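Visitor: Task: produce atomic coordinates for the following.
(one chain, ligands or ions: 1)
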Amino acid sequence: MVEATYNSAYKTVCEIIKPITENYIFEATELCCHFLNISKTKLITTDLPVEETVYNKLIDVAKTRANGYPLQYLIGEWEFYGRKFDVGEGVLIPRADTETLIDVLIEYAKDKKSLRVADLCSGSGCIAVTVAKELLNPEVYAIEKSQEAYHYLLSNIKKNHANVTAKLGDVLTFNEDLSEFDIVVSNPPYLTGEDMKNLQKEVSFEPELALYGDDDGLFFYKEITKLWKNRIKTGGLLAYEIGQGQEIAVSEILKEHGFKTICQRADLCDIIRVVYGVKN
Ligand code: GLN
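Guide: Below you'll find the predicted structure:
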């Protein structure tokens, strides 16, 4: 067998994963840089041989990706708002869409110091950790129900040296005496029954617990708004990430519970991704 070089390994990975993703060039680069431990610039130009065991591992991983397994789980970490987060089975992968929610929170918090923030259904902790890093000295709590996701939440707080208090618990039955929040934020499970039947292959490897928001996808918006509104200060913010097309229903839920100045914000793909309101 002719020895594989860095460059030929990259081309082979491209061929293996091409059928599963249009983004195969980006993904092959990510996989090769990670598993061959080489920089992006050197990958294409290096004709040095790759050690056989390293090569075999890379090809195995590429085949797993070709079966639809998420790239992010294979690499084991992913970037969100410029920071790295550990990910793996049992936790939702941080998505660029969710960065819109962070932008809204940063604008609201501008020049305000020491805000109290609760991130509900925290998952990997990408929201809580980013808020802790981007706001001025906030007091951040992150609540997560799944033991597996909680493990990632803790490791991501540590990895990013973030000042976040993690709580293992269900936001629907949470009975600790925590209130007077300036911001309650959540990216809850919001997929509908119909969405769950038509999941993209990659998403089907992510935890159902983090995806399914009941038949209409709205369960957590209704419950969280009802159960957490009295833990928010007057003038405080309740901000949600939402699924495509849920903006009217979620705005209505906030209105029903007395929130004012209800606003929406679109993500980079022009899909309305965030709904937020101010506590009266
Ligand atoms: N954004 C995810 C998706 O569309 C869903 C995450 C969620 O339910 N919060 O696959």
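
Visitor: Could you tell me which residues of the stretch 1-150 of the chain lie near the ligand?
Guide: Contact residues (Cβ under 6 Å from any ligand atom) of the stretch 1-150 of the chain with the ligand: 92, 95. From N, CA and C alone the C-beta is placed, and that goes for glycine too.

Visitor: Low-confidence regions, the stretch 1-150 of the chain specifically.
Guide: Applying pLDDT under 70 to the stretch 1-150 of the chain flags residues 1-2.

Visitor: mind listing the helices in it by residue range?
Guide: Secondary structure of the stretch 1-150 of the chain (DSSP state H, counting those that start in this stretch): helices located at 6-17, 24-36, 40-45, 52-66, 71-75, 99-109, 126-134, 147-159.

Visitor: Go through the ones you listed and pick out the most buried.
Guide: Highest mean neighbour count of these: helix 126-134, a mean of 25 (counted as mean count of other Cβ atoms under 10 Å).

Visitor: Taking helix 99-109 as reference, get the angle to that one.
Guide: 40 degrees (axes from the mean of the first three to the mean of the last three Cα atoms, to 10 degrees).

Visitor: which residue ranges form the strands in this protein?
Guide: Assignment of strands within the chain using DSSP state E yields the ranges 77-80, 83-86, 116-120, 139-144, 164-168, 181-186, 232-241, 260-266, 272-278.

Visitor: Contacts for the fifth one, please.
Guide: If I follow you right, that is strand 164-168. For strand 164-168, contacts defined as Cβ atoms under 8 Å, 6 or more residues apart in numbering pick out 122, 125, 128-129, 132, 139-145, 147, 150, 153-154, 157, 174, 176.

Visitor: what about 7 Å?
Guide: Identification of contacts with strand 164-168 by Cβ atoms under 7 Å, 6 or more residues apart in numbering yields 125, 128-129, 132, 140-144, 150, 153-154, 157.

Visitor: Whatever residue of the stretch 1-150 of the chain ends up closest to the ligand and Tyr81, how far apart?
Guide: Relative to the ligand, the nearest point of the stretch 1-150 of the chain is Arg95 (5.4 Å; Cβ to the nearest ligand atom). For Arg95, the distance to Tyr81 equals 11 Å [Cβ to Cβ, to the nearest Å].
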